[in-house]
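Q: below is the structure, and that's it, no one-letter string:
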């Protein structure tokens, strides 16, 4: 950490001194570009600085990343891209991330730890790309100052260590912006196509970029062949995946997105207002990049007529913000929906600094210096326990889970929470049973051979349809009766003890008459999680051989029969 702070201090000092030397003159002189070799060194330094920043966060658990692991595991076992037996629903957010993990798994690189390593490499690649681009445009000292805003960003580091698609989506945004500003349209179109399958909202950015390319082709007089090539590269991945989705999942949009739009993840009465609050929250979590982005926006509007690609970067950034407002934000920490836009914020700053002249350039250098000092201070305060977001601690730092340095650890063997779920499943279920889960992250990950009724609807088509008003409560109850789950994990209000989930609430009387409480625990320290077992399964003797076999495969875990006594 002291080394990172020292590096940040030197970069700020160099950037400000460079800017001050430019203040006496208003001549139209650009900061000298660095050579390719110097730019590569800046990029490598930024990538290394990022890896040093992400290592202390390597053990962070965001259990939604385990959804991908279930799909990858099913694919590698030959069952296809399904969450579990008979569950043909697209419950993952990023087809591209899922395919990448499947490809790595096919060559033996599989597991949650591998996903975290891949995410860290994506985050480092984005930092290195911006470092290289900034040095080429601004010179190595100012370029280093701007790119360190990404390399030292706590939010970028947290999400790059998550095992989820966030750093990949941000890297694709960086690649598109750099390619467009460098007038490499074919490369930009290739990255655009990947954005289309990067997340459910990717089609919005594909449409914006496609419009930009069409206008650019008319303005610059592209040949028909070049125009067709660019348009094909933009649309081919999205069209191909849409056809696969229609055939494999019989749906036009991802089931996970449909469930969230129906309010399965959380009940939102005024999503726009909540989305605005979410964006303001991102100002607190990303103060340095946002300062640069807001100041740069004014410069971009001024020079947009001369450089349309600058306006494109602005459009992509604020489309991302508008999407976050429209959907009401996200329940995950550190404003996840905004984080992929951090590379866009900094590339916007690079383009603006390159356009500013004389005193304006010097003032912008001071803005970058202030932003970098804020980011470094954010790092320092967080590492000293003053700035840790409560949701980060809520989602837990678990040193013995799979991480960047220990990717092959089995979570069931190390984490009490995973142990809790695994023991319930091992004792009260059999292969091909059905289980009701209030969360399909960690708990669903441990139920690999069991059909899951997901109360969020993310991986269950029927529940997603119910949340969107396609089925009545009577039809939901019949669906529950047909599944006849042997085990139910249900959230309850601590004050009343009643189920709090929209899917579970209509089933309360069925649960009361046919199930008994087997155990309870705190859910992320906020709500009570009840484990309810079907009475006939609870009264039968557990399969001792199955439990012994499970324990033999999980050394270090002991079976505490008192912990799982009915009613405890």
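A: Here it is on my side, so go on. Computed from a prediction, not measured in an experiment: that's the story for all the values here. Numbering: from 1, shown residues only.
Q: got the contact list for the residue nearest to residue 83 when sequence neighbours are not counted?
A: Nearest residue to residue 83, sequence neighbours excluded (CB to CB, 6 or more residues apart in numbering): residue 459, at 4.2 Å. Bear in mind the C-beta positions are built from the backbone N, C-alpha and C, glycine included. Going by CB atoms under 8 Å, 6 or more residues apart in numbering, residue 459 touches 67, 83-84, 87, 89, 91, 255-256, 440, 444, 452.
Q: ok, now residue 297?
A: By CB under 8 Å, 6+ apart, residue 297 lies in contact with 314, 348.
Q: hmm, try it at 6 Å
A: Listed by CB atoms under 6 Å, 6 or more residues apart in numbering, the contact partners of residue 297 are residue 314.
Q: same check, this time on residue 346
A: 130, 146, 149-150.
Q: residue 165 too?
A: With CB under 6 Å, 6+ apart, residue 165 has these contacts: 94, 97.
Q: likewise for residue 349?
A: 146, 292, 296.
Q: quick one: the last one and residue 352 touch, right?
A: Yes - using CB atoms under 6 Å, residue 296 is in contact with residue 352, at 3.7 Å.
Q: that older thread, wait, which of the contacts of residue 349 is closest to residue 102?
A: Nearest to residue 102 among the contacts of residue 349 is residue 146, at 35.7 Å by CB to CB.
Q: helices and strands around the helix or strand hosting the closest one, which ones?
A: If you go by DSSP states H and E, residue 146 is part of helix 140-151. Secondary-structure packing of helix 140-151 (3 or more CB pairs under 6 Å, 6 or more residues apart in numbering; DSSP states H and E): helix 2-22, helix 36-54, helix 112-138, helix 342-355, helix 358-383.
Q: 10 Å - rerun?
A: If contacts are counted by 3 or more CB pairs under 10 Å, 6 or more residues apart in numbering; DSSP states H and E, helix 140-151 sits against helix 2-22, helix 36-54, helix 112-138, helix 154-160, helix 287-303, helix 342-355, helix 358-383.
Q: export the ones you listed as JSON lines, with columns for distance to residue 273.
A: Formatted as JSON lines, the helices and strands packed on helix 140-151 follow (distance: least, CB to CB, whole Å):
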{"stretch": "helix 2-22", "distance to residue 273": "36"}
{"stretch": "helix 36-54", "distance to residue 273": "34"}
{"stretch": "helix 112-138", "distance to residue 273": "32"}
{"stretch": "helix 154-160", "distance to residue 273": "23"}
{"stretch": "helix 287-303", "distance to residue 273": "20"}
{"stretch": "helix 342-355", "distance to residue 273": "24"}
{"stretch": "helix 358-383", "distance to residue 273": "27"}
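Q: which of the ones you listed has the lowest average pLDDT?
A: Lowest mean pLDDT within those: helix 2-22, a mean of 45.
Q: if I look at residue 296 and residue 352, which residues touch both of them?
A: Any residue near both residue 296 and residue 352 by CB atoms under 10 Å, 6 or more residues apart in numbering counts here, and that gives 310, 313, 364, 367-368.
Q: what is the nearest of these to residue 169?
A: Proximity of the shared contacts of residue 296 and residue 352 to residue 169 was ranked by CB to CB; the top entry is residue 313 with 15.6 Å.
Q: what's the spacing between the closest one and residue 238?
A: Counting by CB to CB, to the nearest Å, the gap from residue 313 to residue 238 is 21 Å.
Q: higher neighbour count, the two?
A: residue 313 (29 against 21; other CB atoms under 10 Å).
Q: show the pLDDT at that one.
A: Per-residue pLDDT puts residue 313 at 93.
Q: what is the orientation angle of the helix or strand where it lies with helix 342-355?
A: Taking DSSP H and E as the definition, residue 313 sits inside helix 308-326. Here helix 308-326 runs at an angle of 150 degrees relative to helix 342-355 (axes from the mean of the first three to the mean of the last three CA atoms, to 10 degrees).
Q: tell me which residues in helix 308-326 are buried?
A: Within helix 308-326, the residues scored as buried using 16 or more other CB atoms under 10 Å are 309-310, 312-317, 319-321, 323-325.
Q: which other helices and strands does that helix contact?
A: Looks like helix 308-326 contacts helix 166-181, helix 185-196, helix 202-220, helix 271-285, helix 287-303, helix 342-355 (3+ CB pairs under 10 Å, 6+ apart).
Q: let's see 6 Å
A: Where contact means 3+ CB pairs under 6 Å, 6+ apart, helix 308-326 is packed against helix 166-181, helix 271-285, helix 287-303, helix 342-355.
Q: same list (those helices) but as CSV, adding distance to residue 136.
A: Rendered in CSV, the data for the helices and strands packed on helix 308-326 read as follows (distance: least, CB to CB, whole Å):
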stretch, distance to residue 136
helix 166-181, 10
helix 271-285, 29
helix 287-303, 18
helix 342-355, 9
